[in-house]
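*Asks:* Sequence plus predicted model, see below.
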There are 2 protein chains.
Amino acid sequence: MTRSTTSARPPGRPRSGVNAVVFAATLSTVNELGYAHATVDRIAAAAGVAKTTIYRRWPSKGALIVDCLLDAFGPLPLEGASRAAFMSSAIHWIAAKISEPGVGDAFAGVFSDAVSDPALREVLSTRLQDPYRLALQDALGEPENRVLFFIDVVVGTLLHRMGMTGEPMVDADVAALVEMVLPHFTDGPGPT
Amino acid sequence: MTRSTTSARPPGRPRSGVNAVVFAATLSTVNELGYAHATVDRIAAAAGVAKTTIYRRWPSKGALIVDCLLDAFGPLPLEGASRAAFMSSAIHWIAAKISEPGVGDAFAGVFSDAVSDPALREVLSTRLQDPYRLALQDALGEPENRVLFFIDVVVGTLLHRMGMTGEPMVDADVAALVEMVLPHFTDGPGPT
DNA sequence: CGGTATCGATACCTTTGGTAGCGAAACTGG
DNA sequence: CCAGTTTCGCTACCAAAGGTATCGATACCG
């Protein structure tokens, strides 16, 4: 877990491999208590780790959540026989991810905090939004502002519904979202 | 300002008419410092009012913000020669409101807090979302779930962009949003 | 004038994100 | 085996912020 590839190990006691344990504890705590009540103390207790250990590895609660989400989402699956099929699968993919226990609440929560926290906004953009935006641009050959617009539409709609109901969007509304977006991605073959 | 229509005035000292002053102080403070840094203490100081006075009138910061937004938005203008024209003007209307100083930040901030606060979510739904949803349903004759879906799309997109950039959506993207929604509202005349 | 409810002011409580300091443990190189 | 370095858990602590309690003063009604 801790640097196994290049460069000799630095001096001192190596970090214990508890990142995965902390991520799991984070999602389960958020799933159980909601984002605001999932305090760093509780997450540390659930992971069987001292709070200071968490702050030694992540500079803030927001950064921890972002890394946790990065671990939970993984890479965007680049599949689809056509541009429309690709966008459809991508929308269903993120909707399914958001529906996983704890993921949706953590996702919505970190976006919430970012509204009033420019530093967190920067972390969120750089580590989460930018990679997926670039992957979409490469796969579809779309200009940046157009990709950003459709990310706003898809993610904004999913998050707003979750923010208002506390539950992820139902399949029928995800399908409606797909139907709304698809006409804008009809030309040319998909990235597969 | 304080009950001028029916029923005899209740006993005791009447409330001073500072609601409007508090609303103005709230928006200007949010505009100046952002939602999270616009603490109740600061808002009270900006309004020239004691913090206890604010908590005597609104049970929480969230409820204050919701009332402030209600005051800032006013009723949805029910104008449009066709359903498409009505939806277009409604989308531009809310985009313009969100662009007003402080309004957008307060709007995004209260939605943010609501994600982890079911009580605030209830206030937000009952006092802000429901009235506009009902107005849309009456004006367009649309079923509730369809109206809720398009509210999610429009408001979610606007708020997500603001949450990621700190600034309201530019006109070009608002126009793109309109273009995306309009095909779903083509039949029949408008509510005017 | 008596009853009632609001006013500003102050002090206070609680939660929570985040930090500092400490001794113990784990690892490396000599 | 030992010195050096870094992480570990633990405890104590700080500051910010939402929210509450109390109190004397004030405004209004009958």
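*Replies:* On my side now, so go ahead.
*Asks:* middle-most residue in chain A, spatially?
*Replies:* Nearest residue to the geometric centre of chain A (Cα atoms, centre = their mean): residue A:69, 4.2 Å.
*Asks:* now the end-to-end length of stretch A:180-192.
*Replies:* End-to-end distance for stretch A:180-192, by Cα to Cα, to the nearest Å: 23 Å.
*Asks:* Could you tell me how far the residue nearest to the centre of chain A is located from DNA strand C?
*Replies:* Separation of residue A:69 from DNA strand C (Cβ to the nearest atom of the strand, to the nearest Å): 16 Å. In short, each C-beta sits where N, CA and C put it, glycine included.
*Asks:* Can I get the host helix or strand of that residue in PDB, CA atoms only?
*Replies:* Using DSSP states H and E, residue A:69 falls within helix A:61-73. Provided in PDB are the C-alpha atoms of helix A:61-73 (Å, rounded to 0.1, in the frame of the first residue of the first chain):
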ATOM      1  CA  LYS A  61     -12.200  16.400   6.500                       C
ATOM      2  CA  GLY A  62     -13.000  17.400   2.900                       C
ATOM      3  CA  ALA A  63      -9.800  16.100   1.600                       C
ATOM      4  CA  LEU A  64     -10.400  12.800   3.300                       C
ATOM      5  CA  ILE A  65     -13.900  12.600   1.700                       C
ATOM      6  CA  VAL A  66     -12.500  13.400  -1.700                       C
ATOM      7  CA  ASP A  67      -9.900  10.700  -1.500                       C
ATOM      8  CA  CYS A  68     -12.500   8.300  -0.200                       C
ATOM      9  CA  LEU A  69     -14.800   9.100  -3.200                       C
ATOM     10  CA  LEU A  70     -11.900   8.800  -5.600                       C
ATOM     11  CA  ASP A  71     -11.300   5.300  -4.200                       C
ATOM     12  CA  ALA A  72     -15.000   4.400  -4.400                       C
ATOM     13  CA  PHE A  73     -15.600   5.600  -7.900                       C
END
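*Asks:* For that helix, buried residues please.
*Replies:* A:61, A:62, A:63, A:64, A:65, A:66, A:67, A:68, A:69, A:72, A:73 (16 or more other Cβ atoms under 10 Å in any protein chain shown).
*Asks:* Which neighbouring residues are in contact with the third one, exactly?
*Replies:* By Cβ atoms under 8 Å, 6 or more residues apart in numbering or on different chains, the contact list for residue A:63 reads A:120, A:123.
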